[in-house]
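[1] One predicted model, sequence on top.
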Amino acid sequence: MKNVMRRVTTMTFSSLLQSPPPLPISHRPFRSLPLATQRILTFCTKSKPNMADFSYLSQREAAEIDETLMGPLGFTLDQLMELAGLSVATSIAEVYKPSEHSRVLAICGPGNNGGDGLVAARHLHHFGYKPIICYPKRTAKSLYTGLVTQLESLSIPFVSVDDLPEDLSKDFDVILDAIFGFSFHGAPRPPFDDLIRRLVSLQMLQKHPSIVSVDIPSGWHVEEGGHEGGGIKPDMLVSLTAPKLCAKRFCGRHHFLGGRFVPPSVAEKYKLELPSYPGTSMCVRIGKPPIVDISAMRVNYVSPELLEEQVETDPTLQFRKWFDEAVAAGLRETNAMALSTTNKDRKPSSRMVLLKGYDENGFVWFTNYESKKGSDLSENPCAALLFYWEILNRQVRIEGPVERIPESESEYYFHSRPRGSQIGAIVSKQSSVVPGRHVLYDEYEELTKKYSDGSVIPKPENWGGFRLRPNLFEFWQGQPSRLHDRLQYSLEDANGKPAWKIHRLAP
Ligand SMILES: NC(=O)C1=CN([C@@H]2O[C@H](COP(=O)(O)OP(=O)(O)OC[C@H]3O[C@@H](n4cnc5c(N)ncnc54)[C@H](OP(=O)(O)O)[C@@H]3O)[C@@H](O)[C@H]2O)[C@@H](O)CC1
Ligand SMILES: Cc1cc2nc3c(=O)[nH]c(=O)nc-3n(C[C@H](O)[C@H](O)[C@H](O)COP(=O)(O)O)c2cc1C
Ligand SMILES: Cc1ncc(COP(=O)(O)O)c(C=O)c1O
Ligand SMILES: [K+]
């Protein structure tokens, strides 16, 4: 592959054969939890088995953690509130898209829970929502006056309790309940008592805004919960740091955890059993995933038009344009493609592989020549490639005959891979039956030792690249009402020479 092919983005391949990752915290048993917590967990396991893995904090523990974070651990309240508010905003954005739920009313209480609401509202504004704030009991501290100034500078409206519309269901898609957090005690006092009553009666309506509670559904007892006694029943709860005991009573559809700042010392001290956050996310869903109606799952694609006069006459150049745009859009594995092959009995078979280079001579990937796909390709050296770049509403199909690339190119590429993957390729008799994981691991360990001196790991003879030489491309751009753009390039005869012809296909 030296200079022959343009190398696409370098990908790290975390092979199956590298050491197994530690069990996610959420999958560990909860033996280490305090007895009181265990009892509650056991009780709840019966009705909500999925909740058994998490720990829940008492009011005292929640306050203590707060003090520890802002004492010996050196955090400031501003920092924690910023992260908490951002977690709330990102949780909301995961469930309620701004295209359908832009009108958010944030009701903010007098304490830090209210502060979280102010921060969340600011982030929601930047995410494309149109928040309005009701903040009836302002705190004079500079942290809070600063948050208010920030919101005002974004022209985010503040509304008094008296000026709130009588029927909140008409004007809002989401109501952010940031009234009380874990320091709430007793019965709600004015004006929050009336605001909570309004939220409760709102929920009697058949169609009402979704209520999202920050940390604690306001008015609930921090440990005992309370909606049986007529309190609010939020649709979504965003627990911060760790769920408080009242969250055991939460029956809404969406339970998220935010506050990705807990240092291991705190997690250990309080024996916190929490799920791990995915990737760079500020929030993670806990509890049951929502039940979805698969038949109703659909996206109405909205994209710029794909017109004949805009595209390149050479399909490889057009591919380059789209590939580069997909990389720029931040896709994680733009080079992942479905490869379809058929065997001699014309039985088709598909799997994902990674594109490792492309140019006018074709599209290259690497694999084991004795795998299922390798055997299919020796029986029928023709294949189809498929890319789907979801966030761009784009699909590319490529078809053509397939050949092995020169051995020297495979050698060169093989040695550019991480050493673990090189050993993995030796260990894996790809597509053959393995009696158990340990067989692969044992051989992997053995070879790792053998090559620990850094010596060259020989490429297995049966490992190398394939090149598909396209005779057909199709560029697909999703459009509203399923009236998509499809431009197909096929090689046709032009005065005795093959030339690319573009045809528009019906969607
Ligand atoms: N590490 C973490 O976990 C982090 C936590 N964070 C957030 O902090 C929250 C806890 O904040 P917090 O301690 O300020 O308490 P919170 O519940 O907002 O309100 C207290 C206010 O409410 C008042 N009040 C109380 N009862 C009342 C009643 N019945 N009726 C009327 N008023 C009543 C009380 O007044 P008081 O009774 O004292 O006169 C006081 O003014 C927590 O849940 C989370 O959201 C993040 O920001 C940062 C990281
Ligand atoms: C995103 C992704 C990329 C992959 N890339 C490759 C690859 O480049 N080469 C490969 O041999 N297998 C790759 N695999 C594994 C294949 O999908 C497949 O499991 C394996 O090649 C065996 O397929 P076969 O039995 O049909 O030959 C990839 C899997 C995924 C999900
Ligand atoms: C079995 C297998 N072989 C090869 C590859 C491609 O790896 P690399 O990017 O190191 O060439 C992958 C990628 O997922 C794979 O799963
Ligand atoms: K709340």
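    Received the coordinates, thanks. Residues are numbered from 1 along each chain as shown. Ligands and ions are numbered 1, 2, ... in the order given.

[2] So which bits of the stretch 401-507 of the chain are right by ligand 3?
    Arg417, Ser421 (CB under 6 Å from any ligand atom). C-beta coordinates here come from the backbone N, C-alpha and C atoms, glycine included.

[3] now whichever residue of the stretch 401-507 of the chain sits closest to ligand 4: how far from Ser295?
    Nearest residue of the stretch 401-507 of the chain to ligand 4: Pro480, at 38.9 Å (CB to the ion). Taking CB to CB, to the nearest Å as the measure, Pro480 falls 20 Å from Ser295.

[4] got the contact list for the longest helix belonging to the chain?
    Longest helix in the chain by number of residues (criterion: DSSP state H): helix 77-95. Applying CB atoms under 8 Å, 6 or more residues apart in numbering, the contact partners of helix 77-95 are 66, 69-70, 104, 112, 115-124, 127, 129, 143, 174, 176, 178, 212, 214-215, 236, 238, 240, 254, 256, 258-261, 281-283, 285.

[5] do stretch 286-300 as well
    Against stretch 286-300 from outside (CB under 8 Å, 6+ apart): 48, 50-51, 54, 239, 243, 250, 253-257, 275, 478, 480-481.

[6] Just give the closest residue to Lys130, not the sequence neighbours.
    Ser102 (4.9 Å; CB to CB, 6 or more residues apart in numbering).

[7] now swap in Asp485 and tell me
    Leu306 (3.7 Å).

[8] Let me know the helix or strand that that neighbour is in.
    Using DSSP states H and E, Leu306 sits within no helix or strand.

[9] Would you map the strands across the stretch 201-350 of the chain?
    Assigned by DSSP state E, counting those that start in this stretch, the strands in the stretch 201-350 of the chain fall at 210-214, 236-240, 254-258, 283-286, 336-342, 348-354.

[10] Actually, the stretch 351-500 of the chain.
    For the stretch 351-500 of the chain, strands defined by DSSP E, counting those that start in this stretch occupy the ranges 357-359, 362-368, 382-389, 394-404, 463-468, 472-477, 485-494, 497-504.

[11] Nearest to Ser153, out of the ones you listed?
    strand 382-389 (37.1 Å; CB to CB).

[12] report the angle between the axes of the closest one and strand 472-477?
    Angle of strand 382-389 versus strand 472-477, following axes from the mean of the first three to the mean of the last three CA atoms, to 10 degrees, is 20 degrees.

[13] what angle sits between strand 382-389 and strand 348-354?
    Going by the same axes, to 10 degrees, strand 382-389 makes 50 degrees with strand 348-354.

[14] Measure how far strand 382-389 is from the centre of its chain, please.
    Chain-centre distance of strand 382-389: 24 Å, with CA atoms, centre = their mean, to the nearest Å.

[15] how about the nearest residue to Lys137, chain neighbours excluded?
    Pro110 (4.2 Å).

[16] Asp177 too?
    Ser213 (4.3 Å).

[17] still on that earlier bit, reformat the strands of the stretch 201-350 of the chain as TSV; add mean pLDDT and mean neighbour count.
    As requested, the strands of the stretch 201-350 of the chain are arranged in TSV below (pLDDT from 0 to 100; neighbours: other CB atoms under 10 Å):
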stretch	mean pLDDT	mean neighbour count
strand 210-214	98	28
strand 236-240	97	28
strand 254-258	96	24
strand 283-286	95	20
strand 336-342	98	19
strand 348-354	98	14
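
[18] okay, the ones you listed in TSV with distance to ligand 4 next?
    Formatted as TSV, these follow (distance: least, CB to the ion, whole Å):
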stretch	distance to ligand 4
strand 210-214	4
strand 236-240	9
strand 254-258	13
strand 283-286	16
strand 336-342	41
strand 348-354	43
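
[19] right, so of the ones you listed, which gets closest to Tyr489?
    strand 336-342 (17.2 Å).

[20] Look at Lys170 and tell me its secondary structure.
    What DSSP: H, G, I helix; E, B strand; the rest coil gives for Lys170 is helix.

[21] okay, it: pLDDT?
    pLDDT for Lys170: 93.

[22] now Met5
    pLDDT for Met5: 43.

[23] what's the least confident helix or strand in the chain, going by average pLDDT?
    Here the helix or strand of the chain ranked lowest by mean pLDDT, DSSP states H and E is helix 35-47, holding a mean of 33.

[24] is it true that the residue nearest to Lys130 touches Phe127?
    No - counting by CB atoms under 8 Å, Phe127 is not a contact partner of Ser102; they are 9.7 Å apart.

[25] ok so, going back, the longest helix of the chain vs strand 236-240, what angle?
    150 degrees.

[26] distance between helix 77-95 and the chain's centre?
    16 Å.

[27] can that helix be found next to ligand 4?
    No - judged by CB under 5 Å from the ion, helix 77-95 stays clear of ligand 4, getting no closer than 9.8 Å.

[28] Only alpha carbons, please: show that helix as PDB.
    Output of helix 77-95 as PDB, limited to C-alpha atoms (Å, rounded to 0.1, in the frame of the first residue of the first chain):
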ATOM      1  CA  LEU A  77     -19.900  25.000  44.100                       C
ATOM      2  CA  ASP A  78     -19.700  26.900  40.800                       C
ATOM      3  CA  GLN A  79     -17.900  24.000  39.200                       C
ATOM      4  CA  LEU A  80     -20.200  21.300  40.500                       C
ATOM      5  CA  MET A  81     -23.300  23.300  39.600                       C
ATOM      6  CA  GLU A  82     -22.000  23.800  36.100                       C
ATOM      7  CA  LEU A  83     -21.400  20.100  35.600                       C
ATOM      8  CA  ALA A  84     -24.700  19.200  37.200                       C
ATOM      9  CA  GLY A  85     -26.600  21.700  35.000                       C
ATOM     10  CA  LEU A  86     -24.800  20.500  31.900                       C
ATOM     11  CA  SER A  87     -25.700  16.900  32.800                       C
ATOM     12  CA  VAL A  88     -29.400  17.800  33.100                       C
ATOM     13  CA  ALA A  89     -29.300  19.600  29.700                       C
ATOM     14  CA  THR A  90     -27.600  16.700  27.900                       C
ATOM     15  CA  SER A  91     -30.100  14.200  29.500                       C
ATOM     16  CA  ILE A  92     -33.000  16.300  28.300                       C
ATOM     17  CA  ALA A  93     -31.400  16.500  24.800                       C
ATOM     18  CA  GLU A  94     -31.200  12.700  24.700                       C
ATOM     19  CA  VAL A  95     -34.900  12.300  25.200                       C
END
